[in-house]
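1. One predicted model, sequence on top.
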Amino acid sequence: MTRTPLPGMGRTALPQGTSGVHPAHRPGVAMAPGAGIEPYDSRTRTMGPVSGKTGRDSLGLYGGLVCTAGWSGVPRQLRRVAVMVEASANWAADELGPAKVVLLRLCTGIDAVVVVDNVALGPAIGGVRMRPDVTAGEVARLARAMTVKNAVAGLAHGGGKAGIAAPPGSARTDHERVMRAFARAIGQLTDYIPGPDMGTDETSMAYVHDEIGRAVGLPGVLGGIPLDELGATGFGLGVCAQVLSEARVVELAGARVVMQGFGAVGSNAARALCARGATVIAVSDSSGATWNPAGLDVAALAAHKQASGPVAGFAGGTPVPRDDVLGLDCEILVPAAQPDAVTADNSAKISARVVLPGANIAVTREAEAELASRGVLCVPDVVANAGGVICAAAEYRGAGRGGAFAEIEQKIRDSTSELLDRIRRGTLTPRAAAEQMAAGRLRKAVGLRRKF
């Protein structure tokens with residue numbers, strides 16, 4: 001797809017004389033424990049020529065020129081801070097962003113990265129992901145997905161994301177110390193509003209809010225709307241599926257559903273789909289899967305998961321290898337686990353009529369192309385799983401639970417319907433249609449920003 005540059009948003013580039021180092025890694029920048037390296041800000045700096053290449057761990061999910069983050073000439077202390085930025089990490093620098101890439105050392109052995117991708121529509125909202133293998137490239141791709149998602153949903157927010165390279169299963173006291181250190185480190189990064197994501201939850205956001213007064217997805221006792229507890233993302237997936245059913249893309253009543261992942265998003269999405277008449281026949285988690293062609297008792301499975309652990313041990317189903325669920329015959333597949341779960345290497349085994357991503361960047365561009373060639377509709381993640389960020393934006397404005405869920409219903413209905421209309425009017429792929437929706441709104445927003 002040919003991308004039309006947005007007015008007023010020049011392409012970012014690498015500075016002269018930095019040996020291919022991304023501006024966020026510029027040599028000579030002072031750092032201190034718990035403080036971020038001075039970020040690169042594409043709105044205020046003029047950069048020289050750029051060369052780019054594409055890479056798997058890049059923002060290629062939504063297109064754009066990719067700049068390689070090399071390490072020639074980078075001081076040793078910066079290399080230590082950026083342990084999560086592997087030597088081959090790439091991210092895009094295009095007309096959309098990123099506006100800022102900030103590397104942080106929170107405490108000994110624990111590093112973090114924040115990517116503020118774009119703020120044309122308002123301050124960036126995006127989750128804080130905590131896991132040992134998180135990379136800067138992954139966070140940058142997720143931040144770009146949030147830019148597109150927030151624009152598609154019509155939110156007054158840009159896209160951002162954060163990653164903390166720490167084990168999510170740490171002791172609660174250790175987790176609290178890390179989250180509070182992270183909050184203090186981003187205190188001055190006022191154009192980023194953190195929320196819960198993989199490895200973090202409402203309590204994590206309470207720690208952040210206590211330190212800097214800025215977070216979403218807070219516990220109800222603090223006046224927040226606990227996204228995971230209430231299942232905002234899963235609810236939105238159910239709404240998206242309902243619209244597809246009303247448009248006769250797939251018959252939801254009696255539809256067989258396969259869930260890849262059964263965490264906060266997967267379990268709530270399963271409940272939402274079953275409430276609309278679908279039947280969940282298989283569920284996987286990180287260690288295995290369970291299958292029952294007659295249908296799984298989702299409530300009982302969720303109780304088992306919470307009490308006993310792996311879904312493969314559920315008495316109401318038959319254990320099957322984890323990765324086999326992708327090939328099970330079904331109408332709807334919900335990848336709600338890791339990024340890049342559906343790739344060109346495994347997409348051919350999928351027999352579903354519709355792929356409804358619950359996880360961000362769950363399906364690669366190549367996999368989408370293969371699925372489309374067989375008539376399988378892969379709803380873009382930026383449409384299907386926007387319920388969580390819609391709820392977060394409503395909370396940020398001070399809305400209550402009822403108002404937030406009514407907004408999720410309306411916005412996902414509107415965006416799914418618009419997506420289908422754009423696909424049917426021309427030759428656009430679902431991803432290209434979603435990009436087109438976002439680009440139009442971003443272009444209008446940029447036109448209203450100061451140019452002098």
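-> Structure received. Numbers count the residues shown, from 1 in each chain.

2. and residue 257, which of the three is it?
-> In three-state terms, and counting by DSSP: H, G, I helix; E, B strand; the rest coil, residue 257 is strand.

3. Also residue 345?
-> Assignment for residue 345 (three-state DSSP): coil.

4. mind checking pLDDT for it?
-> pLDDT recorded at residue 345 is 95.

5. what does residue 37 give?
-> For residue 37, the predicted pLDDT is 34.

6. and what of the one 4 residues further on?
-> On pLDDT, residue 41 comes in at 37.

7. What ranges does the protein have for its strands?
-> Using DSSP state E, the strands of the chain run over residues 66-68, 90-92, 100-107, 110-118, 124-130, 158-164, 192-196, 256-260, 279-284, 289-291, 318-320, 332-335, 354-355, 377-378.

8. OK, contacts around the residue positioned nearest the centre of the chain?
-> Ranked by distance to the mean C-alpha position of the chain (Cα atoms, centre = their mean), the top residue is residue 360 at 3.7 Å. By Cβ atoms under 8 Å, 6 or more residues apart in numbering, the contact list for residue 360 reads 142, 145-146, 339, 381, 385. Backbone N, C-alpha and C define where each C-beta goes, glycine included.

9. Arrange these in a markdown table, one row each, with pLDDT, neighbour count and distance to residue 120 as further columns.
-> What follows is these, written out as a markdown table (pLDDT from 0 to 100; neighbours: other Cβ atoms under 10 Å; distance: Cβ to Cβ, whole Å):
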| residue | pLDDT | neighbour count | distance to residue 120 |
| --- | --- | --- | --- |
| 142 | 95 | 28 | 18 |
| 145 | 95 | 24 | 16 |
| 146 | 97 | 29 | 13 |
| 339 | 92 | 20 | 25 |
| 381 | 97 | 25 | 21 |
| 385 | 97 | 29 | 22 |
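
10. Just those residues: which are in helices?
-> Under the assignment DSSP state H, the contacts of residue 360 contribute 142, 145-146, 381 to helices.

11. okay, these in TSV with distance to residue 281 next?
-> Below are the ones in helices among the contacts of residue 360 laid out as TSV (distance: Cβ to Cβ, whole Å):
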residue	distance to residue 281
142	30
145	29
146	32
381	23
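
12. Now flag whichever of the residues you listed is closest to residue 404.
-> residue 146 (17.9 Å; Cβ to Cβ).

13. For the closest one, which non-adjacent residue is spatially closest?
-> residue 159 (3.2 Å; Cβ to Cβ, 6 or more residues apart in numbering).

14. So what's the residue count around residue 144?
-> 31 (other Cβ atoms under 10 Å).

15. hmm, I was thinking of residue 283
-> With other Cβ under 10 Å as criterion, residue 283 counts 31.
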